[in-house]
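pasting the structure only:
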């Protein structure tokens, strides 16, 4: 006669439970059958580690069952299960509802990096009264959990931290019911539709991570002002559009420290002045708007936060000069404003003693590059290619590792260090000979549709300062640099405002078919930066974020 394995295990667990009922120090009686269901539903026989599971009558007495932590409960000396933590343990199957809704003392369930699949289940009709009352932290990151969150799940009364990164969740619309929620990470799922506005009704909310989904449409304009508890907002790699709400901008002067909207379709401009009645000079530590459609000038308050560490605004349509640095900042180590329409001379960066990386490529900056930039105490990457810089480069270098200065008008002869390594590029002849048309936010050469020869009083510059190759938008022919240099010295090249239909040309060699853009930098399939750049690596844990600069060469 064949004996059902599940029936045998259930009988065995029941016997263990009966044997240990009167033994002081036992786990709560209701928890043993729940653990049996948990073990069975997630293929316990195949776990990497199942040490001591069902080796004795109680997970809290004698040899501890792997992954389980117990805590005293009540006045009778009983022990109850506090945490179940089994990361990367080859757990395969679906979550039983009892583990979420029927454990009266369970606080932390951590099953990161397993093969759990299926939807989060609703509570069963036989739900234990008081079950799930203390459940606060759920980590199911890096599994295959799918579908919508059921309302029973969102009504768990004590949930404050949810890690669902890298799953297949499609709907979190009930999230507004989680009144104690502090931290939510649903990055890299299958979420679509508009921003779930109910989340802004949660009074304790601290961190929202919505990266790598397909959210779309504008962010709601109201509700942000009341959420002054928020310290981190990560919305990168979605399809959000519209302007950044003014109320959200105000949060940058309260507790908001990390703000990342990289690779969306946000448009509009930042308010020119800091809001009134806020802490002066307080702004986000990491401010990323890479590859959006933002316009207008970069306001002074953005550049002058005393806690600012990384400013990455590349790939937008910002215009005008960079604002002056007016406050002492000992933390700012990275500025990247490449691929915009910024102009004028560079501001004085000499007070930024922590500056490691300065990237201003593909703009319209003019004037000399200050010599001190080459000798700042921590500077190791300076990229200024495809601008209108003039003047002499220093005759020697200190600790600078990467310099990219092609396509400018530096005084000749160039110093001997130029071109001495592949990391030090500044000769005009290194400008790519071929071009391809890209979005209006990219620039390394100037479309002839945006340029006219004129002697009028409009904003102009001598033709001798133009080192960019000018490509005709109406034919395949292009004006060479020698053609430009032959223009009469009395003539000027006048840059007209580029309309939405004008094309900006960028070198085809700036990207490749086997590269991808990550946080504003180009990575090849071998994970080396192309060209050399800074990777901001952040370990994001609620309450602790460590940001480390790495230079890939």
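Here it is on my side, so go on. Since we're looking at a predicted model, the values are computed, not measured.

Pull up the gap between residue 190 and residue 160, please.
Plainly put, residue 190 is 24 Å away from residue 160 if you go by Cβ to Cβ, to the nearest Å. In this view, the C-beta of every residue, glycine as well, is placed from N, C-alpha and C.

Settle it for me: which of these two has more neighbours?
Neighbour totals were compared for residue 190 and residue 160, and residue 160 leads with 19 against 14 (other Cβ atoms under 10 Å).

Let's see the pLDDT reported for that one.
Predicted confidence (pLDDT) at residue 160: the value is 97.

and it, what does it touch?
Under the criterion of Cβ atoms under 8 Å, 6 or more residues apart in numbering, the neighbours of residue 160 are 136, 137, 180, 181, 182, 183, 204.

which one among the residues you listed gets closest to residue 236?
Using Cβ to Cβ, the shortest approach to residue 236 within the contacts of residue 160 belongs to residue 183, at 17.3 Å.

For that closest one, give me its contacts.
Contact analysis of residue 183 by Cβ under 8 Å, 6+ apart lists 160, 161, 162, 206, 207, 542.

farthest pair in the residues you listed?
The widest separation within these (Cβ to Cβ) is 12.0 Å, between 162 and 206.

one step back: could the contacts of residue 160 be laid out in JSON lines, adding secondary structure, pLDDT and distance to residue 403?
Putting the contacts of residue 160 into JSON lines (DSSP: H, G, I helix; E, B strand; the rest coil; pLDDT from 0 to 100; distance: Cβ to Cβ, whole Å) gives the following:
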{"residue": "136", "secondary structure": "coil", "pLDDT": "97", "distance to residue 403": "51"}
{"residue": "137", "secondary structure": "strand", "pLDDT": "98", "distance to residue 403": "47"}
{"residue": "180", "secondary structure": "coil", "pLDDT": "97", "distance to residue 403": "51"}
{"residue": "181", "secondary structure": "coil", "pLDDT": "98", "distance to residue 403": "47"}
{"residue": "182", "secondary structure": "coil", "pLDDT": "98", "distance to residue 403": "44"}
{"residue": "183", "secondary structure": "strand", "pLDDT": "98", "distance to residue 403": "41"}
{"residue": "204", "secondary structure": "coil", "pLDDT": "96", "distance to residue 403": "48"}
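
what about the helices in this protein?
For the chain, helices defined by DSSP state H occupy the ranges 5-19, 31-41, 97-101, 151-154, 246-251, 300-303, 481-485.

sorry, back to before: which of residue 162 and residue 206 has more residues huddled nearby?
Shown here are residue 162 and residue 206; by other Cβ under 10 Å, residue 162 has more neighbours (23 against 19).

Now that one: closest residue in space that isn't a chain neighbour?
In space, and not counting its chain neighbours, residue 162 is closest to residue 184: 5.0 Å by Cβ to Cβ, 6 or more residues apart in numbering.

what about this protein, any weak spots by pLDDT?
1-29, 74-75, 277-281, 283, 428-553 (pLDDT under 70).

quick one: the closest residue to residue 304 other than its chain neighbours and residue 164, what's the gap?
Residue nearest to residue 304 in three dimensions, not counting chain neighbours: residue 327, with 4.8 Å by Cβ to Cβ, 6+ apart. With the distance defined as Cβ to Cβ, residue 327 ends up 39 Å from residue 164.
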